[in-house]
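> what follows is a predicted structure for the sequence shown.
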Amino acid sequence: MSALEQIIAVVSPLATLLAVWVAYLALLRRSQPQLLVYYALNPDTQTLIDLVIENIGEATATDVTFSKPIPVMWFGIENPGNDGSFIDPSGFPAISPGQRYVYSGGQYAGLASKIGSGLPVNVNYKYRSPFGFICKGCESFVLSIAHMTYMPTRTSAQGAIVDALNGSKKTTLHEIRDELRALNKSLKVLAQQRAEETGRDSV
């Protein structure tokens, strides 16, 4: 056997084994859920913070539990309120791929009084392997809102329309309305001047 044949005899099984391993990893990836738990600014109301729990993976997570209660509904912008609630550690029976739960977390001071500089939370769950076996998984998170301190606040289009209808805030819609009113007034004055000039010419 030549040297080339010997190399091929060794490399070929290795290449096959590598291809099988890559295919298995791809299959394993598709069979695993990927859970995320985090606080995020509410897109519609500037002062509110949401708690988001979602599965961005490609498989269902079952028997989802948390290592400790997760604070929600704790309000207070400058001073924390006294009332609030928690997501129970017993969690959810299942979270499907793409499924997303959004809770009202509260406001900055209220949540900060409960989670401090960060709240470590482990999320435990089960999933089915490509071969049908039940496997256990765990994701670790540190829930924090400290990064939101200096984030700019914006009003969504929906919020701007609500503010405009309520008249509670000076919005872009209000500015457009004022500009249109001023333009309408100018057109009326111009039309009146034209009518007066036409009247004098006819005399």
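Perfect, I can see it now.
> what's the domain layout of the protein?
The chain breaks down into these domains under automatic domain parsing: 1-30, 33-152, 158-202.
> deepest-packed of those domains, please.
Among the domains of the chain, domain 33-152 has the highest mean neighbour count (mean count of other C-beta atoms under 10 Å), at a mean of 16. Quick note: C-beta positions are derived from backbone N, CA and C, even for glycine.
> can you give me the helices in this protein?
3-30, 108-115, 157-166, 172-202 (DSSP state H).
> pretty sure Asn55 is touching Thr62, no?
No. If you go by C-beta atoms under 8 Å, Asn55 and Thr62 don't touch, sitting 10.9 Å apart.
> kindly reformat the domains of the chain as JSON lines containing mean pLDDT.
Output for those, formatted as JSON lines (pLDDT from 0 to 100):
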{"stretch": "domain 1-30", "mean pLDDT": "62"}
{"stretch": "domain 33-152", "mean pLDDT": "92"}
{"stretch": "domain 158-202", "mean pLDDT": "69"}
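> which residues does stretch 75-93 contact?
47, 51, 53, 62-74, 101, 103, 106-110, 112-114, 123 (C-beta atoms under 8 Å, 6 or more residues apart in numbering).
> pull it out as CSV, backbone CA atoms only.
Extracted C-alpha coordinates of stretch 75-93, given in CSV (Å, rounded to 0.1, in the frame of the first residue of the first chain):
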residue,chain,number,x,y,z
PHE,A,75,-43.8,50.6,41.5
GLY,A,76,-42.2,53.8,42.5
ILE,A,77,-40.0,56.2,40.5
GLU,A,78,-38.1,58.0,43.2
ASN,A,79,-39.3,56.1,46.3
PRO,A,80,-40.3,52.5,46.3
GLY,A,81,-43.9,51.5,47.0
ASN,A,82,-44.9,49.0,49.6
ASP,A,83,-47.0,46.7,47.4
GLY,A,84,-45.8,44.3,44.8
SER,A,85,-45.7,40.6,43.7
PHE,A,86,-43.4,37.9,42.5
ILE,A,87,-43.3,35.3,39.7
ASP,A,88,-43.6,32.0,41.6
PRO,A,89,-40.5,29.7,41.5
SER,A,90,-42.8,26.9,40.3
GLY,A,91,-42.6,28.6,36.9
PHE,A,92,-44.4,27.2,33.9
PRO,A,93,-45.4,23.8,32.7
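> phi, psi for Gln46 please.
When quoted as degrees, to the nearest 10, the phi and psi of Gln46 stand at phi -60, psi -40.
> now it: how far from Val189?
40 Å (C-beta to C-beta, to the nearest Å).
> again with Val52
54 Å.
> which residues does Tyr101 contact?
52-54, 92, 95.
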